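**Q** Kindly return the folded structure for what I paste below:
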Amino acid sequence: MFSAGRYLCFAFVSACASVCAVVCITAHAQTYPVKPVRIINPFSPGGSLDLVARLLAKSLTGDLGQQFIVENRPGAGGTIGVELVAKSPADGYTLLIVQSSITVNPSLQRKVPYDPVKDFEPVSKVSSYMFFVVAHPSLTARSVKDLIALAKARPGQINYASVGVGSGTHLAGELFGHMAGVKLTHIPYKGTGQVMPDILGGQVALTFGSTSVVPHVKSGKLIALGVTGAKRAPVLPDTPTVDESGLKGYEVTAWNALFAPAGTPSGIVTRLNELTRKNIAQAEAKSVMDAQGLDGDTGTPAELGNLVKSELVKWARVIKIAGIKPE
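**A** The predicted model follows:
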């Protein structure tokens with residue numbers, strides 16, 4: 001048995017150890033970084049994710065006095081770059097900026113070499129974007145309610161284009177069909193460049209498109225039926241959300257976010273979160289993202305962690321319902 005003196009000594013040593021740990025973590029965060037930091041983008045240069053990554057890297061470089069360098073590591077649908085970060089030292093010098101596809105790929109692929117929850121420390125969401133439900137004018141529907149009624153009257157006869165199996169534009173359509181109780185026929189393409197000519201030419205009736213469809217809506221070449229986000233899009237303020245059009249609970253919002261390897265000191269994660277939120281709220285960032293149809297959308301590490309967990313479940317369910325077989 002411990003004597004009272006030995007117990008007090010043990011308690012004192014434990015308390016000192018705890019204080020020392022806190023002091024060390026705080027000191028580490030205050031001196032971080034002491035060398036350049038890599039931000040791994042697991043996709044090719046040129047897309048909206050790359051633009052946001054470079055915008056954030058520039059801001060963090062200015063804030064912290066060390067170079068934040070965007071390094072593109074494309075391949076295997078983003079898996080190569082994501083795995084690289086998952087297996088990197090948890091010291092804050094290798095970060096990951098990635099799309100919400102990180103919560104989809106585990107259900108699309110038989111095996112991914114990382115766990116989106118266990119292998120990463122969430123830092124912050126950076127931006128988000130919705131899709132636009134647009135139709136060729138030859139389709140008689142002029143609202144989401146019209147589309148649902150038409151699809152019920154003509155099951156399987158209304159086709160919709162996506163930029164590929166398992167893409168956001170595909171899963172948005174599958175979730176829509178499931179929640180509305182209708183059968184739409186999916187036509188996969190290999191990118192937006194192939195979708196646009198066929199939707200504009202009427203070869204396909206419908207698509208859940210990115211902001212690339214907006215100019216064609218404004219010119220009257222396409223009809224906007226709804227937007228998939230939780231709120232209306234500033235670029236098409238008169239177009240209602242799918243939810244407010246009658247399909248209650250429907251929402252598809254894609255996002256980009258910053259992560260660190262699991263075990264990265266909490267002080268570093270907190271500092272990166274604070275600076276990311278500050279920089280994304282600035283006018284320069286807003287202007288750049290507005291031009292890309294992106295919303296500056298940040299939050300706490302805990303909020304991002306909860307989002308990852310909920311979307312892993314959500315998209316696994318949609319993929320199962322759609323009958324998409326893992327490759």
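**Q** And stretch 293-307, end to end?
**A** One end of stretch 293-307 to the other measures 21 Å (C-alpha to C-alpha, to the nearest Å).
**Q** Could you list the buried residues of it?
**A** By 16 or more other C-beta atoms under 10 Å, the buried positions in stretch 293-307 come out as 293-299, 301, 304-305, 307. For every residue, glycine as well, the C-beta is placed using N, CA and C.
**Q** Repeat that for stretch 63-82.
**A** Going by neighbour count (16+ other C-beta under 10 Å), the buried part of stretch 63-82 is 63, 68, 70, 72-73, 77-79, 81-82.
**Q** Could you identify the most distant pair in these?
**A** Taking C-beta to C-beta as the measure, those reach their widest spread between Asp63 and Gly77, a distance of 32.1 Å.
**Q** tell me the helices in this protein, going along the chain?
**A** Per DSSP state H, the chain carries helices over the ranges 4-31, 48-64, 79-86, 105-108, 144-153, 168-180, 192-201, 214-218, 266-280, 283-291, 301-322.
**Q** Pick the most buried one from those.
**A** helix 168-180 (a mean of 23; mean count of other C-beta atoms under 10 Å).
**Q** Quick one: list the elements packing against that one.
**A** helix 144-153, strand 159-162, strand 185-188, strand 206-209, helix 301-322 (3 or more C-beta pairs under 8 Å, 6 or more residues apart in numbering; DSSP states H and E).
**Q** Return the residues in contact with the residue nearest to Trp255 when sequence neighbours are not counted.
**A** Closest residue in space to Trp255, ignoring its immediate chain neighbours: Ser128 at 4.2 Å, by C-beta to C-beta, 6 or more residues apart in numbering. If you count contacts by C-beta atoms under 8 Å, 6 or more residues apart in numbering, Ser128 has them with 229, 253-256, 294-295, 297.
**Q** So which of the residues you listed is the closest to Pro116?
**A** Of all the contacts of Ser128, Pro116 sits closest to Trp255, with 13.2 Å by C-beta to C-beta.
**Q** list the contacts for Phe68?
**A** 36-39, 56-58, 60-61 are the contacts of Phe68 under C-beta under 8 Å, 6+ apart.
**Q** returning to that earlier point: select, out of the helices and strands packed on helix 168-180, the one closest to Gly92.
**A** Smallest distance to Gly92 across the helices and strands packed on helix 168-180 (C-beta to C-beta): 13.4 Å, for helix 301-322.
**Q** number of nearby residues for Val204?
**A** Residues lying near Val204 (other C-beta atoms under 10 Å) number 21.
**Q** Can you give me the neighbour number for the closest residue to it other than its chain neighbours?
**A** Once flanking residues are discounted, Val204 sits nearest to Ala161: 4.3 Å by C-beta to C-beta, 6+ apart. Neighbour count of Ala161, defined by other C-beta under 10 Å: 24.
**Q** tell me the contacts of Lys320?
**A** Contact partners of Lys320, counting by C-beta under 8 Å, 6+ apart, are Ser107.
**Q** sorry, back to before: from the buried residues of stretch 293-307, pick the one nearest Pro116.
**A** Nearest to Pro116 among the buried residues of stretch 293-307 is Gly305, at 9.9 Å by C-beta to C-beta.
**Q** now the closest one: how far from Val217?
**A** 36 Å (C-beta to C-beta, to the nearest Å).
**Q** Residues in a beta bridge with the residue nearest to Trp255, which ones?
**A** Trp255, Asp295 (DSSP bridges).
**Q** where's it relative to Lys231, distance?
**A** 11 Å.
**Q** so Thr94 makes contact with Ile40?
**A** Yes - using C-beta atoms under 8 Å, Thr94 is in contact with Ile40, at 6.5 Å.
**Q** More neighbours: which of the two?
**A** Taking other C-beta under 10 Å, Thr94 and Ile40 do not tie; Ile40 has more neighbours (23 against 20).
**Q** circling back: can I assume the residue nearest to Val204 is in contact with Leu200?
**A** No - assessed by C-beta under 8 Å, Ala161 is found out of contact with Leu200, at 10.9 Å.
**Q** quick one: least confident helix or strand in the protein?
**A** helix 4-31 (a mean of 53; mean pLDDT, DSSP states H and E).
**Q** In the stretch 1-150 of the chain, where is pLDDT below threshold?
**A** Along the stretch 1-150 of the chain, segments meeting pLDDT under 70 span 1-29.
**Q** a markdown table for the helices of the chain, including distance to Ala260?
**A** Shown next, in a markdown table, are the helices of the chain (distance: least, C-beta to C-beta, whole Å):
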| stretch | distance to Ala260 |
| --- | --- |
| helix 4-31 | 12 |
| helix 48-64 | 13 |
| helix 79-86 | 8 |
| helix 105-108 | 19 |
| helix 144-153 | 40 |
| helix 168-180 | 25 |
| helix 192-201 | 31 |
| helix 214-218 | 34 |
| helix 266-280 | 6 |
| helix 283-291 | 21 |
| helix 301-322 | 9 |
